[in-house]
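[1] Below is the sequence, then the predicted model.
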Amino acid sequence: MFTNKDICYIPIPKNSSSYVGKLMLANHWGVNNYLTTDLSNKKVIVLLRDPVERWISGMAQYLCSTGYPADLTINEWNSLTTTLVFDRLIFDDHTEKQVYFINTVPEENCVYFNGTHGVAEKLQKYLTGQGIDLNINIDITPSDDSQNKKLVKFLRELISQDDRFVLRIKDVYAEDYRLIHRVKFYD
């Protein structure tokens, strides 16, 4: 968790968390453990993302970390692999439910942001209104994610072949969808 005055940011993997974390550190935000911090009097910034899109990105990240080849084809991905992946769906923090990361945070303290695009500008606008400067003109070099992009493309193609895959993802991440439909987004 990153903190500045009475504002906190809890990173949720695959929701621009690496980028926003680097941005917060570059702006001299502190780092604390949100599990041991009293959040009852703090505003908590939470970035949420469409669960299907987040799962695709998170699963690609997971596959990269386990050494799957980036040029994987549908023909090489057999039915057993498909069954195993869609039976489990959650493999690590990149594919964990978003609600898992904020389940101890009072919902009324959260300021929700939707999506991953334009997040720096949205955060800057919000924080300016809270009296906190956020310099977003900082060079944050992205990591090489060419393998990840190829696996994202592969996974999109895979789930487009059978509606049951998307329905399974939506079923497993139903809590995330309920949260997304319940909250009011800042942006």
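    That came in fine, so what should we check first?
[2] What is the burial count for the residue lying closest to Arg54 once chain neighbours are set aside?
    With CB to CB, 6 or more residues apart in numbering as the measure, Lys14 is the residue that lies nearest to Arg54, at 4.9 Å, once sequence neighbours are left out. C-beta here means a position set from N, CA and C on the backbone, and glycine is covered the same way. Around Lys14 there are 24 other residues, counting by other CB atoms under 10 Å.
[3] now do Pro11
    Pro11 has 21 neighbours, counted by other CB under 10 Å.
[4] rewinding a little: distance check, the residue nearest to Arg54 against Asp162.
    23 Å (CB to CB, to the nearest Å).
[5] So which bits of the helix or strand that contains Trp55 are buried?
    Element membership of Trp55, judged by DSSP states H and E, is helix 51-65. Across helix 51-65, burial judged by 16 or more other CB atoms under 10 Å covers 51-52, 54-64.
[6] Repeat that for stretch 162-170.
    For stretch 162-170, the neighbour count (16+ other CB under 10 Å) marks 165, 168-169 as buried.
[7] Could you do stretch 136-151 as well?
    Of the residues in stretch 136-151, 147-148, 150-151 count as buried by neighbour count, 16+ other CB under 10 Å.
[8] swap in stretch 72-86?
    72, 77, 82, 85-86.
[9] Now compare these and name the two farthest from each other.
    Pairwise distances across those peak at 16.0 Å for Leu72 and Phe86 (criterion: CB to CB).
[10] before we move on, back to that, now do the helix holding Trp55: which elements does it pack against?
    helix 146-160, helix 163-172, helix 174-182 (3 or more CB pairs under 8 Å, 6 or more residues apart in numbering; DSSP states H and E).
[11] so after that helix, what's the next helix or strand?
    Per DSSP H and E, the first helix or strand lying C-terminal to helix 51-65 is helix 79-88.
[12] gap between the helix or strand of the chain with the lowest mean pLDDT and the chain center?
    Lowest on mean pLDDT, DSSP states H and E among the helices and strands of the chain sits helix 79-88, with a mean of 86. Relative to its parent chain, helix 79-88 has a centroid offset of 23 Å by CA atoms, centre = their mean, to the nearest Å.
[13] Before I go, just wanted to say thanks for your time.
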